[in-house]
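J.: got a predicted structure here, sequence first:
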Amino acid sequence: KAGVTQTPRYLIKTRGQQVTLSCSPISGHRSVSWYQQTPGQGLQFLFEYFSETQRNKGNFPGRFSGRQFSNSRSEMNVSTLELGDSALYLCASSLDGHNEKLFFGSGTQLSVL
Amino acid sequence: AQTVTQSQPEMSVQEAETVTLSCTYDTSESDYYLFWYKQPPSRQMILVIRQEAYKQQNATENRFSVNFQKAAKSFSLKISDSQLGDAAMYFCAYKGRDTGNQFYFGTGTSLTVIP
């Protein structure tokens, strides 16, 4: 089985722009979660989608949004980018809503200039 | 809210020796899961070991084992016979049993293995 695929691997944007990141989960996995990783902060939970519905949301401003499609692929969008949004964005998938094993992608490194 | 604390930003170990990484957490839940994830330079997080809170027996995966102290809310990772490939960032993580897939991570410990 192919693993979790995130595209693009690297992205450079300027302040005020918006960005969309993509995540394809492992085949058969219905839950997709997004995390923001910054040095010294560890990983912080953004949101989780399960069967096209947002089930959990972390403590991030409304500029961060996401969605999940019927094939379980997910996108994350950040509008009006700020310098502080520079981070590694990790996507993780799991089999179902109660399976506790997360499988991570290699992330998208976003740099905001 | 649940918090996970890793008080060792960096650790080093000689190849073939044993090292222990520390993790403490805070929660009011009685049933939960604890994890250690490894993040090598490739950036992909890899599950190292998992512990279910209701199980008293410490989890073991080959050279990796944990010391789970529920009352103290402590969850340390022991790596035996350290290998060069063990060099990575290690993250401790917590997940409540009934909170979907919202994980709480510590800030990580960077492990260096000295040949």
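T.: Cool, the structure landed.
J.: nearest the geometric middle of chain A, what residue?
T.: residue A:34 (3.3 Å; C-alpha atoms, centre = their mean).
J.: what about residue A:18, how many residues close to it?
T.: Neighbourhood size, residue A:18 [other C-beta atoms under 10 Å in any protein chain shown]: 11. The C-beta positions use only the backbone N, C-alpha and C, and glycine is treated the same way.
J.: just give the nearest non-adjacent residue to it, would you?
T.: residue A:79 (4.4 Å; C-beta to C-beta, 6 or more residues apart in numbering or on different chains).
J.: residues contacting the one you found?
T.: Contacts for residue A:79 (C-beta atoms under 8 Å, 6 or more residues apart in numbering or on different chains) come out as A:18, A:63, A:65.
J.: out of these, who's nearest chain B?
T.: The shortest approach to chain B among the contacts of residue A:79 belongs to residue A:65, at 17.0 Å (C-beta to the nearest C-beta).
J.: near chain A, which residues of chain B are found?
T.: B:4, B:6, B:33, B:37, B:42-47, B:50, B:91, B:93, B:95, B:99-108 (C-beta under 8 Å from any C-beta of the partner chain).
J.: show me just the buried residues among those residues.
T.: Applying 16 or more other C-beta atoms under 10 Å in any protein chain shown to these, the neighbour count classes B:4, B:6, B:33, B:37, B:43-45, B:47, B:50, B:91, B:93, B:95, B:99-108 as buried.
J.: so residue B:7 sits against residue B:22, correct?
T.: Yes - counting by C-beta atoms under 8 Å, residue B:7 touches residue B:22, with 5.9 Å between them.
J.: so the two - more neighbours on which side?
T.: The neighbour comparison of residue B:7 against residue B:22 (other C-beta under 10 Å) goes to residue B:22, with 17 against 11.
J.: wait, isn't that one in contact with residue B:76?
T.: Yes - between residue B:22 and residue B:76 there is a contact under C-beta under 8 Å: 5.1 Å.
J.: one step back: dump the residue contacts of the residue nearest to the centre of chain A.
T.: With C-beta under 8 Å, 6+ apart, residue A:34 has these contacts: A:23, A:45, A:46, A:47, A:48, A:66, A:74, A:76, A:89, A:90, A:91, A:92.
J.: mind doing that once more with 10 Å?
T.: Applying C-beta atoms under 10 Å, 6 or more residues apart in numbering or on different chains to residue A:34 gives the contacts A:6, A:21, A:23, A:44-49, A:58, A:60, A:64, A:66, A:74-76, A:89-92.
J.: for chain B, see how far away it is.
T.: Noted for residue A:34: a distance of 11 Å to chain B, by C-beta to the nearest C-beta, to the nearest Å.
J.: thanks again, I'm all set now.
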